[in-house]
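Student: Test case, fold it:
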Amino acid sequence: MYFRRLADVRNDKDLKQKEVAAVLGMNPVVYSRYEKGQREIPVWALIKLAEFYHTSTDYLLGLTDNPSPPAPHA
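Tutor: I've put the predicted structure just below:
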């Protein structure tokens, strides 16, 4: 479940939900709902989080356990 991974990655970086919400330019309550699985995370926010955490969207979604970002395309 992707919302659990979002919380885990944030906690690993010792960040608060309000800090991550600020990176996304949104209300912390909205971000909290993503982590709780109460609201579907938009694609733009998922991409921005992957860039912020230097990982892949697949990792954040729980589709892989490899946190390494994909290699850039040539």
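
Student: Please make it C-alpha for all contacts and neighbour counts, starting now.
Tutor: OK.

Student: just checking, what packs against the helix or strand of the chain with the lowest mean pLDDT?
Tutor: Scoring the helices and strands of the chain by mean pLDDT, DSSP states H and E places helix 2-12 at the bottom, with a mean of 90. Counting contacts by 3 or more Cα pairs under 8 Å, 6 or more residues apart in numbering; DSSP states H and E, helix 2-12 packs against helix 28-36, helix 57-61.

Student: Any stretches of the chain with poor pLDDT?
Tutor: For the chain, residues meeting the criterion pLDDT under 70 lie at 1-2, 73-74.

Student: Check which residues of stretch 59-74 are buried.
Tutor: By neighbour count on 16 or more other Cα atoms under 10 Å, the buried set for stretch 59-74 is 59-62, 67.

Student: residues making contact with it?
Tutor: The contact list for stretch 59-74 (Cα atoms under 8 Å, 6 or more residues apart in numbering) reads 1-3, 5-6, 46, 50, 54-56, 58.

Student: Need the max-distance pair from these.
Tutor: 1 and 54 (19.7 Å; Cα to Cα).

Student: can you list the residues that contact stretch 39-52?
Tutor: Contact partners of stretch 39-52, identified using Cα under 8 Å, 6+ apart, comprise 24, 30, 33-34, 56-57, 60.

Student: buried ones in the helix or strand where residue 48 lies?
Tutor: Using DSSP states H and E, residue 48 falls within helix 43-53. Buried residues in helix 43-53, counting neighbours by 16+ other Cα under 10 Å, are found at 45-46, 49-50, 53.

Student: what's the angle from it to helix 2-12?
Tutor: 30 degrees (axes from the mean of the first three to the mean of the last three Cα atoms, to 10 degrees).

Student: what's the angle from helix 43-53 to helix 28-36?
Tutor: Using the same axes, to 10 degrees: helix 43-53 against helix 28-36 is 80 degrees.

Student: Good, we can wrap up now.
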